[in-house]
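Peer 1: Mind looking at a prediction? Sequence and model below.
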Amino acid sequence: MKGEFKAYLKSKGFAGGSIRTRMITIEKYWQWLRKENLEPVEITYNDLLLYMKHCQRKGLTQRTIQHYIGVIKHFYNHLLEQGKIAINPATDIEIKGVKRRSVYYIFSPHELHGLYNAYQDDTLAGRRNKAMLGLLTYQGLKTEELAKLELHNIRLREGKIDVPGSRRSNHRLMTLEGHQVLDLYDYVQAVRPELISQEPMGKGKPDRETKRLFVGAGGNSKSFGNFTSQLIKALKTKTSKLENAKQIRASVIVKWLKAHNLREAQVLAGHKFISTTEAYKQNDIEGLAEAINLYHPL
């Protein structure tokens with residue numbers, strides 16, 4: 001059982017450290033089952049409520065119990081895949097009293113487009129950042145995905161971008177907007193070569209053979225975090241509603257959820273788990289309530 005569950009977690013994209021943590025958690029659950037003389041495949045919703053009370057008596061916080069139940073849900077999904085159980089007894093369990101992640105103001109598609117158009121900077125760095133901004137506001141890329149893009153991932157003739165998968169996200173081939181293609185063409189053909197030809201500032205060593213798409217002077221991509229922070233800082237002067245790049249991605253995903261079904265939105269977002277995509281539905285509802293309170297307090 002132990003080896004099979006470990007293999008299941010690995011197949012779902014969990015890293016070594018995450019797997020070890022979850023195995024420690026599930027071992028505690030199995031110990032409780034043995035003590036109570038219960039078989040894993042016979043567990044019901046009510047049995048899991050008893051386990052939660054057991055955890056509470058041990059002084060565990062609600063957040064820790066939430067983590068435990070999350071691991072147990074994975075365990076029973078694993079048994080479901082094996083055909084050993086018919087339903088997951090942990091599916092409907094929700095832990096109350098856990099502080100939710102911060103909810104962002106959700107930009108409408110019109111506002112996202114306006115944000116893109118509002119950014120105007122004719123410097124080399126500005127033209128590079130404009131190309132990056134397009135991939136944030138229209139394809140909903142994460143900043144770490146932007147950082148890992150290579151030149152071959154942009155298919156300008158096809159009007160596509162090939163976003164590589166990772167341990168945390170799935171690969172996807174996405175369509176570019178027409179005006180994006182022009183900005184990316186300008187960046188790839190004119191801006192990027194000129195940036196690479198420049199001498200890097202300070203102690204940075206030039207990397208003129210780099211395959212990275214987004215680079216600084218001398219082809220340096222190690223300071224990518226500075227590129228994005230400069231971009232977000234400039235955008236904040238255009239709107240007080242913007243907090244960070246994650247908020248832009250959240251707004252794009254909410255837009256997809258309104259235009260497509262859940263599975264289609266999951267594919268576009270590159271989420272490995274559909275539950276991750278579902279969470280953005282709640283973010284949209286709470287973000288709307290937050291916006292009403294903020295801008296229309298009466």
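Peer 2: In hand now; what should we look at?

Peer 1: Strands along the stretch 101-250 of the chain, start to end?
Peer 2: For the stretch 101-250 of the chain, the strands defined by DSSP state E, counting those that start in this stretch occupy 154-155, 160-163, 172-175.

Peer 1: So which elements touch the shortest one?
Peer 2: For strand 154-155, the elements it packs on are strand 160-163, judged by 3 or more C-beta pairs under 8 Å, 6 or more residues apart in numbering; DSSP states H and E. Where C-beta positions appear, they are placed from N, C-alpha and C, glycine not excepted.

Peer 1: just how off-centre is the strand it packs on within its chain?
Peer 2: 17 Å (C-alpha atoms, centre = their mean, to the nearest Å).

Peer 1: Name the strands paired with it and say parallel or antiparallel.
Peer 2: strand 154-155 (antiparallel), strand 172-175 (antiparallel) (DSSP bridges).

Peer 1: contact partners of the first one?
Peer 2: What it means is strand 154-155. With contact meaning C-beta atoms under 8 Å, 6 or more residues apart in numbering, strand 154-155 is reached by Ile161, Asp162, Leu184, Val188, Leu213.

Peer 1: The third one: how many residues sit nearby?
Peer 2: It stands for Leu184. Using other C-beta atoms under 10 Å, Leu184 has 22 neighbouring residues.

Peer 1: Quick check, it in contact with Gly159.
Peer 2: No: counting by C-beta atoms under 8 Å, Leu184 sits too far from Gly159 to count as a contact (9.6 Å).

Peer 1: where do the contact lists of these two overlap?
Peer 2: Leu176.

Peer 1: could you give the mean pLDDT of the helix or strand harbouring Gly3?
Peer 2: Using DSSP states H and E, Gly3 sits in helix 2-11. Mean pLDDT, helix 2-11: 91.

Peer 1: which helices and strands does the following helix or strand past it pack with?
Peer 2: Downstream of helix 2-11, the first helix or strand assigned by DSSP H and E is helix 16-35. If you count contacts as 3+ C-beta pairs under 8 Å, 6+ apart, helix 16-35 packs onto helix 2-11, helix 45-57, helix 62-81.

Peer 1: what's the angle between helix 16-35 and helix 45-57?
Peer 2: 110 degrees (axes from the mean of the first three to the mean of the last three C-alpha atoms, to 10 degrees).

Peer 1: Identify all contacting residues around helix 16-35.
Peer 2: 1-2, 5-6, 9-10, 14, 39-40, 43, 51, 54, 67-68, 71-72, 74-75.

Peer 1: Apart from its chain neighbours, what residue comes closest to the spatially most central residue of the chain?
Peer 2: Using C-alpha atoms, centre = their mean, the residue of the chain that lies closest to the mean C-alpha position is Lys142, 6.5 Å off. The shortest distance from Lys142 to any non-neighbouring residue, by C-beta to C-beta, 6 or more residues apart in numbering, is to Arg249 (6.2 Å).

Peer 1: Could you measure from that neighbour over to Leu135?
Peer 2: 10 Å (C-beta to C-beta, to the nearest Å).

Peer 1: Show me the shaky parts of the stretch 101-250 of the chain.
Peer 2: 101-103, 202-204 (pLDDT under 70).

Peer 1: Got phi/psi on the residue nearest to the centre of the chain?
Peer 2: When read as degrees, to the nearest 10, the backbone of Lys142 gives phi -80, psi 150.

Peer 1: For His271, see how far away it is.
Peer 2: For Lys142 relative to His271 (C-beta to C-beta), the value is 11 Å.

Peer 1: got it, and Lys130?
Peer 2: Taken as C-beta to C-beta, the span from Lys130 to His271 is 27 Å.

Peer 1: quick one on the thing from earlier: export the contacts of strand 154-155 as CSV, with columns for distance to Ile196.
Peer 2: Shown next, in CSV, are the contacts of strand 154-155 (distance: C-beta to C-beta, whole Å):
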residue, distance to Ile196
Ile161, 21
Asp162, 22
Leu184, 16
Val188, 11
Leu213, 12
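
Peer 1: From those, list the buried ones, please.
Peer 2: The neighbour-count test (16 or more other C-beta atoms under 10 Å) marks Ile161, Leu184, Leu213 as buried among the contacts of strand 154-155.

Peer 1: List just the nearest of those to Leu262.
Peer 2: Ile161 (23.0 Å; C-beta to C-beta).

Peer 1: How about that closest one, nearest residue that isn't a chain neighbour?
Peer 2: In space, Ile161 is closest to Met174, 5.2 Å off (C-beta to C-beta, 6+ apart).

Peer 1: so which of the strands paired with strand 160-163 is the most packed in?
Peer 2: Of the strands paired with strand 160-163, the one with the most neighbours on average (mean count of other C-beta atoms under 10 Å) is strand 154-155, at a mean of 17.
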